[in-house]
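Q: here is a sequence together with a model predicted from it:
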Amino acid sequence: MSEWKSGYVQTNGIRMHYWRTGDGSKPPVVLSHGGGDAGRCWTRTARALEADYDVIMVDARGHGLSDAPDQGYGPRVSAADLAGLIRGLGLEAPHLIGHSMGGEISSNCAADFPDLPRSLVIIDSGFISNGGRYAVTPQDAEERIAGMQAAMRAMQTSTLEELIARCRVENPGWHEDELEPWAESKMQASPNGRLFFAEAKRPWQETLAAIQCPVLLLVGEPHLESHTGWDAAVQATGIWREGQLIHIAGAGHNVQRDRWETFMARITAWMAAH
């Protein structure tokens, strides 16, 4: 990773950190991570893509090395962060790829700044759901966020080596390259980052309807903790202008970690076609 560039862009009132594999001479791909993760959690994917793409791995506000203000979180604020980074780096028509929270951020970026992306890939994001376990209501938001923040603080009492060992035990199917970035991201994450999930959101249907670029939605298995609601995913196919829904067999919420080879085949074929 020593040849990758680490940098910052001032955007939307914060200093946003990113890792970058290229110099702008190849088509850009912007990777957005899930809640509690960080840009380097895309390391394995970036290594596989960097020969053909200029890969930018962002740290969302409150995550990684980006600023963590005490307030000002939520999908559309973070979408404006991402748009500012894309413009600040002078990226022309990037593919946006986002997992979970990152999928929600990337979707809102594509909706609010439709001139920016070439295409959008959403990976098992719970914002596409008609209620259920991953829906946040004003009544339960405060308690839920407090619990998430407490869990993050508890993780940060461990050493990096202890977190790597924990990840290895809890996710025996993950590649070894996933473990250290995952553990490091937990050490870096601010509890403020969990405030993302407390913000009021516009209906997901409105977000998808505003997106003008092609959309690929990848979802895992409901019985393996997939966050996207399957009924909502099917509904999405009648909302977006152009898109494709793909179910990844055997994957849980972390599609790109649980079934990496299938995930890579799907996204490389998608980007080549768009």
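A: Perfect, thanks for sending it. Numbers count the residues shown, from 1 in each chain.
Q: got the buried residues for stretch 18-32?
A: For stretch 18-32, a neighbour-count test (16 or more other CB atoms under 10 Å) marks Y18, W19, R20, T21, G22, P27, P28, V29, V30, L31, S32 as buried. (Each C-beta comes from the backbone N, C-alpha and C, glycine too.)
Q: which sections of the stretch 51-200 of the chain are below the confidence cut-off?
A: Confidence mapping of the stretch 51-200 of the chain against pLDDT under 70 gives the ranges 132-139.
Q: that's a strand at Q244, yeah?
A: Yes - using DSSP: H, G, I helix; E, B strand; the rest coil, the secondary structure at Q244 is a strand.
Q: next, count neighbours for it.
A: Applying other CB atoms under 10 Å, we find 15 other residues in the vicinity of Q244.
Q: restricted to strands, list the buried residues of stretch 18-32.
A: With strands identified by DSSP state E, the entries of the buried residues of stretch 18-32 that belong to them are Y18, W19, R20, P28, V29, V30, L31, S32.
Q: ok so, going back, would you turn the buried residues of stretch 18-32 into JSON lines with pLDDT and distance to M155?
A: Formatted as JSON lines, the entries for these read as follows, by pLDDT from 0 to 100; distance: CB to CB, whole Å:
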{"residue": "Y18", "pLDDT": "98", "distance to M155": "24"}
{"residue": "W19", "pLDDT": "98", "distance to M155": "22"}
{"residue": "R20", "pLDDT": "98", "distance to M155": "28"}
{"residue": "T21", "pLDDT": "97", "distance to M155": "28"}
{"residue": "G22", "pLDDT": "94", "distance to M155": "32"}
{"residue": "P27", "pLDDT": "98", "distance to M155": "36"}
{"residue": "P28", "pLDDT": "98", "distance to M155": "32"}
{"residue": "V29", "pLDDT": "98", "distance to M155": "29"}
{"residue": "V30", "pLDDT": "99", "distance to M155": "27"}
{"residue": "L31", "pLDDT": "99", "distance to M155": "23"}
{"residue": "S32", "pLDDT": "98", "distance to M155": "21"}
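Q: and which of those is nearest to W260?
A: L31 (13.8 Å; CB to CB).
Q: measure the spatially closest residue to the closest one that is not a sequence neighbour to A93 for me?
A: Taking CB to CB, 6 or more residues apart in numbering as the measure, L31 lies nearest to W42, with 4.4 Å between them; neighbours along the chain are not counted. According to CB to CB, to the nearest Å, W42 stands 20 Å off from A93.
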